[in-house]
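Trainee: structure for the following, please:
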Amino acid sequence: MNQLRVAIIDDHAMFRTGVRAEISAAVDVVGEAEDVDSAVQIIADLRPDVVLLDVHMPGGGGLEVIRRLNLRHATTTYLALSVSDAAEDVIGIIRAGARGYVTKNISGPDLVAAIVRVAAGDAVFSPRLAGFVLDAFAGTIEVAQVDEDLDRLTEREREVMRLIARGYAYKEVAKELFISIKTVETHVSSVLRKLQLSSRHELTRWANDRRLI
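Mentor: Modelled structure (predicted):
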């Protein structure tokens, strides 16, 4: 039986190396890419069976990769592999056409099993993330409203918003994102204004209600 052909798309070289080491005995890793443009090129040229796809990357992230390629290469299956476990990331990439979503703390054997399953047509999710998808289809999460709210924010504002909502101090956010405290303050003010909120407490409640933290 031929091995499944897999491409690894992630903007961190050390992570790609680690994933390759974990799965290469079981699948054929045919290529890697670190941003949207190179990912699109590799997938178009190599046509792997399964693409391990990071959600957040330079150039638009995993959503943009699928958007550019999904119609042209319907035989390729996408499995999101991300550090993020936020509801809007999970729901967004599944709506775009990914067959599954697992977080980066997954073990090597479990990742191989997930690759095999999505290649066979199954949908695969890390346990907590499956609930997001079920809730979205059941109407518990108002996906359209979450998308509309988040569309008002830039990518950086979303990152700041999520960290602040998780209880990070401004100094901790600055360190985490490699930006100044003043820049964090500016982003928080912008987020509160765009979402029509008046305090960090309201922001935390807003994000928690939408399962963004």
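
Trainee: which strands and helices sit next to the host helix or strand of Asp37?
Mentor: Using DSSP states H and E, Asp37 sits within helix 36-46. For helix 36-46, the elements it packs on are strand 5-9, strand 28-33, strand 50-53, helix 61-69, judged by 3 or more Cβ pairs under 8 Å, 6 or more residues apart in numbering; DSSP states H and E. Where C-beta positions appear, they are placed from N, C-alpha and C, glycine not excepted.

Trainee: make it 7 Å
Mentor: Contact here means 3 or more Cβ pairs under 7 Å, 6 or more residues apart in numbering; DSSP states H and E; on that basis helix 36-46 packs against strand 5-9, strand 28-33, helix 61-69.

Trainee: list of residues touching the longest helix belonging to the chain?
Mentor: Longest helix in the chain, counting residues (DSSP state H): helix 181-195. Helix 181-195 is contacted from outside by 149, 152-153, 156-157, 160-161, 164, 170-171, 173-174, 198, 203, 206, using Cβ atoms under 7 Å, 6 or more residues apart in numbering.

Trainee: let's go with 6 Å and repeat that
Mentor: Around helix 181-195, the neighbours that count as contacts under Cβ atoms under 6 Å, 6 or more residues apart in numbering are Arg152, Glu157, Val160, Met161, Ile164, Tyr170, Lys171, Val173, Ala174.

Trainee: per-residue confidence for the most centrally placed residue in the chain?
Mentor: The centroid of the chain falls nearest to Val55 when counting by Cα atoms, centre = their mean (2.8 Å). pLDDT recorded at Val55 is 88.

Trainee: which SS state does it fall under?
Mentor: At Val55 the chain is in coil, as set by DSSP: H, G, I helix; E, B strand; the rest coil.

Trainee: Ser82 is in contact with that one, correct?
Mentor: Yes. Between Val55 and Ser82 there is a contact under Cβ atoms under 6 Å: 4.2 Å.

Trainee: now stretch 190-197: mean pLDDT?
Mentor: For stretch 190-197, mean pLDDT rounds to 90.

Trainee: list the buried residues for that stretch?
Mentor: For stretch 190-197, the neighbour count (16 or more other Cβ atoms under 10 Å) marks Ser190, Val191, Leu192, Lys194, Leu195, Leu197 as buried.
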